[in-house]
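[1] only geometry, no sequence info:
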């Protein structure tokens, strides 16, 4: 009987072709017109898990984009039950004109696969599936009991999944979760996470006159909704960079001296980072450095703004409406529901006279997540990554959010080991997203090794 | 030989059909993709003037959208030479989804023609053409010498026309201009203008990172270009409503006690106006009332803003760029070139750290225009309108701009009588623009009567 390693080598080209097939499905969860594609991606995952040898595979309804469940539970009661998590939805692909090749047609250039979702998270989530197949088709078994949980609403903050897991506690019960939606520190350096941010988001809609008006005939006499919106947004941050929403920082813990020291130990070339994102100057909350701001401190970012005329040239219009989208990344112990209320109160307080404002909650309620530095799940993953990449992973906090990790903690009482094969420079959420094929190969091997390592995971 | 009045009655249906044909041409001057349609509208005007009996008709190149010239100069040297002005370009039709019927398919409902340009200015500018035909086809002559000047770039501020008229002073020389691009005070009350505003406009482009970034992985550490843009815009007006751009008011004259008294004499139902535009509260420069703000004071209006994600739901992006369009309406003696420089200086001063800003001039250079209250051109038009509508016109200032009126003054040394058959409630520059057919009928008769009245206009 062949070893899983030989199997992965032998089936390499087929796996790649299957991964491309998966990436071609435009499973954009944020846009209603792609809802059927999100479901189709879920169905693809169902079939792929079955083909790998996973049992009890099903597409489960959530009230929104579906969840895929499957399991293989024949390792015995003395072995832990691991749950592998990932997501099959992707970010919108716009602005389309900035893509060098079509976003949903994977194209290989220089050892990299270019496509929306190639890295986040389709490339990440197929690696444990292919690893599972390699083990089951060679040894006929997995070293531990494994459940599979893949969702279709990560990119919109998993709005339906907190009640979903509350309802299905039993089915998803496990000792530890391995999230495939993680990152490497850089192309050659693995990473495990100590903290993830929470998330809350809203859209501000400002209405002035009931229809667009001629800016000459009606100018100067009424509040312009675009201007009103800019006044509201401008009020949300002090000139020095600190968020000005009253009460925003009240529940923030962390940014301890120990955490800041640990961060300082991780090599970081700030000039190189500035160059990679094309800025000449950093800006943010006073009293913290760049990585502390991103990793340890809550953020407020404008994601979009629009109103009035956007074409070439001039249209002398006084517009009826203006809109903006905001998301906040939260840290322990900020409560996303409370932060939403504080944002609403701030917006209402700073709405100038003469316009009406409505506020829509857009993102799901994501709680921040903290993991103990010496957690045994992180330790097992770290040992594997050390072997795989020739150096131990850096242990970091990140500025990103995976709300489901907090749901697993809250509903299943399971911690999540967050690691992955994607790199932050791979244009996640931007045009020309790509995934490095070499790290994908390592990732499949890594998952086999981690499942083997998990035989040592302490059970309750 | 029939009187022009009978001719207008007899040809009514044909004129209407021709007007519809004209309105169907989507001559949107602001959008490059419609440039050929603007030219086509000009060619339509050429053919229509020829058919009316006008001589020396030609489409003249300007370097941008063309100008149509024609004349009929056989009234004799003892008669004045009048020039009739109008424009055949229209505003963009977006947002399209708010139109009840397609913008370029004229539809009659309840005595009103609905279409983009139906009122501004295609409905206005066909009335003197039809009036000309009625006179020439019945009496074989016009009472005065008449030149015709129709342009295709009014809605973008006539950027090429100042040098154009400088170059063609001789050809367009005249004693007085009658502008068909005017308004009535309300559905039943005519109006002549004492002042028009100047115009200058610009687009602000703010760039942060070189591409859109993941708001989690990169949030909190750099200036968000949308936020930077809101800070810039918010800085342009004090909280009390006054424009905060340094030097903006330095050259403003007018808003004299006499002007303010004259304005106060004109009936105005502010509550009705608020209702008609769907606002509950007015807002503007302190120390002035609603009509003074619009008629006598310079304005700064945001016409559009955009950047980042505008779709449904959430996209957690930190965008690379944000943009806004601004136009200022100017009063005597503000210089649009100087005001542009003041705006640029203000924007540069208030640009926060960490982003780069570029500024594009979008609108043409429009000078404000003031006409003497006792001008003989206004007097002749006023007498005709009194007869036509049963009451004298109100004499007003307006918040709108017709840059070409200042070019006629500067290049040709000719004043312009500004009157028209459109009403401010006809959704000019907005969805569901319409024109009242009854006022169109009156307008054709009015032009015949004004040409007759102009025999009394004093020549130099």
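    That came in fine, so what should we check first? Quick caveat: nothing in here was measured; it's all calculated off a predicted structure.

[2] The lowest-mean-pLDDT helix or strand in chain A pairs with which strands?
    Taking mean pLDDT, DSSP states H and E as the measure, the helix or strand of chain A with the lowest value is strand A:394-401, at a mean of 83. According to DSSP bridges, the neighbouring strands of strand A:394-401, each with its direction, are strand A:191-207 (parallel).

[3] So which bits of the strand it pairs with are buried?
    Judged by neighbour count using 16 or more other Cβ atoms under 10 Å in any protein chain shown, the buried positions of strand A:191-207 are A:191-207. Just so you know, the C-beta spots here come from the backbone N, C-alpha and C atoms, and that holds for glycine as well.

[4] quick one on the thing from earlier: how about the least confident helix or strand of chain A: buried residues?
    A:394, A:395, A:396, A:397, A:398, A:399, A:400, A:401.

[5] what's the closest of these to chain B?
    Of all the buried residues of strand A:394-401, residue A:400 has the smallest distance to chain B: 3.0 Å, by Cβ to the nearest Cβ.

[6] Please name the nearest non-neighbouring residue to the closest one.
    Closest residue in space to residue A:400, ignoring its immediate chain neighbours: residue B:216 at 3.0 Å, by Cβ to Cβ, 6 or more residues apart in numbering or on different chains.

[7] same check, this time on residue A:403
    Excluding its sequence neighbours, the residue lying closest to residue A:403 (Cβ to Cβ, 6+ apart) is residue A:366, at 3.2 Å.

[8] from what I can see that neighbour touches residue A:327, true?
    No: at 9.6 Å, residue A:366 does not count as touching residue A:327 under the criterion of Cβ atoms under 8 Å.

[9] shared neighbours, the two?
    A:199, A:200 (Cβ atoms under 8 Å, 6 or more residues apart in numbering or on different chains).

[10] can you list contacts of the least confident helix or strand of chain A?
    Counting contacts by Cβ under 8 Å, 6+ apart, the residues outside strand A:394-401 that touch it are A:157, A:183, A:185, A:189-199, A:259, A:262-263, A:266, A:294-296, A:299, A:329-330, A:366, A:368, A:373, A:378, A:382, B:214, B:216-220, B:316.

[11] mind listing which of those residues are in strands?
    Among those, the residues falling in strands (DSSP state E) are A:183, A:191-199, A:299, A:329-330, B:214.

[12] Report the contact partners of the residue nearest to residue A:400.
    The neighbourhood of residue B:216, defined by Cβ under 8 Å, 6+ apart, consists of A:197, A:199, A:329, A:398, A:399, A:400, A:401, B:316.

[13] Identify the bridge partners of the first one.
    Taking DSSP bridges, one obtains residue A:401 as the residues bridged to residue A:197.

[14] Check it and give its pLDDT.
    Per-residue pLDDT puts residue A:197 at 91.

[15] Could you do the last one as well?
    In this model, residue B:316 is scored at 88, pLDDT.

[16] which residues does the closest residue to it other than its chain neighbours contact?
    What sits nearest to residue B:316 in space, not counting adjacent residues and going by Cβ to Cβ, 6+ apart, is residue B:215, at 4.4 Å. Taking Cβ under 8 Å, 6+ apart as the definition of contact, the neighbours of residue B:215 are A:299, A:301, A:303, A:327, A:329, A:429, B:316, B:317, B:318.

[17] Compare these and tell me which has the most neighbours.
    Of these, residue B:318 is surrounded by the most neighbours, 31 neighbours in total, counting by other Cβ atoms under 10 Å in any protein chain shown.

[18] Please tell me I have it right and residue A:426 contacts residue A:433.
    Yes: under the criterion of Cβ under 8 Å, residue A:426 makes contact with residue A:433 at 6.2 Å.

[19] what residues are shared contacts of the two?
    Both residue A:426 and residue A:433 are contacted by A:118, A:119, A:120, under the criterion Cβ under 8 Å, 6+ apart.

[20] Go through those and say which is closest to chain B.
    When these are compared for distance to chain B (Cβ to the nearest Cβ), residue A:120 wins out at 8.4 Å.

[21] since we're on residue A:36, how many residues are nearby?
    Other residues within reach of residue A:36 by the criterion other Cβ under 10 Å amount to 12.

[22] so it is in which element?
    Assessed by DSSP states H and E, residue A:36 sits inside helix A:35-52.

[23] Pull out the buried positions in that helix.
    A:37, A:38, A:39, A:41, A:42, A:44, A:45, A:46, A:48, A:49, A:52.

[24] Look up the closest residue to the third one, ignoring the ones flanking it.
    What it means is residue A:39. By the measure of Cβ to Cβ, 6+ apart, the closest residue to residue A:39 outside its immediate chain neighbours is residue A:66, 6.1 Å from it.

[25] Can you get me a residue count around that neighbour?
    A total of 25 residues lie near residue A:66 under the criterion other Cβ under 10 Å.

[26] How about residue A:78?
    The number of residues packed around residue A:78, counting by other Cβ under 10 Å, is 7.

[27] Contact partners for it?
    When contacts are counted by Cβ under 8 Å, 6+ apart, residue A:78 touches residue A:459.

[28] Could you do residue A:162 as well?
    Under the criterion of Cβ under 8 Å, 6+ apart, the neighbours of residue A:162 are A:364, A:365, A:403, A:407, A:410, A:411.

[29] Please parse chain A into its domains.
    Chain A breaks down by automatic domain parsing into domains covering A:4-181+A:402-456, A:198-255+A:267-361.

[30] For residue B:104, find the nearest of those domains.
    Shortest distance between residue B:104 and the domains of chain A, using Cβ to Cβ, is found for domain A:198-255+A:267-361: 16.5 Å.

[31] Grab the nearest non-local neighbour of residue A:43.
    Beyond its immediate neighbours in the sequence, the residue positioned closest to residue A:43 (Cβ to Cβ, 6+ apart) is residue A:59, lying 6.3 Å away.

[32] Enumerate every residue touching residue A:59.
    Counting by Cβ under 8 Å, 6+ apart, residue A:59 touches A:39, A:42, A:43, A:46, A:66, A:67, A:68.

[33] now do residue A:35
    Under the criterion of Cβ under 8 Å, 6+ apart, the neighbours of residue A:35 are residue A:65.

[34] ditto for the one 3 residues further on
    With Cβ under 8 Å, 6+ apart as the criterion, the residues that contact residue A:38 are A:27, A:28, A:29, A:65, A:66, A:88, A:89, A:152, A:153.
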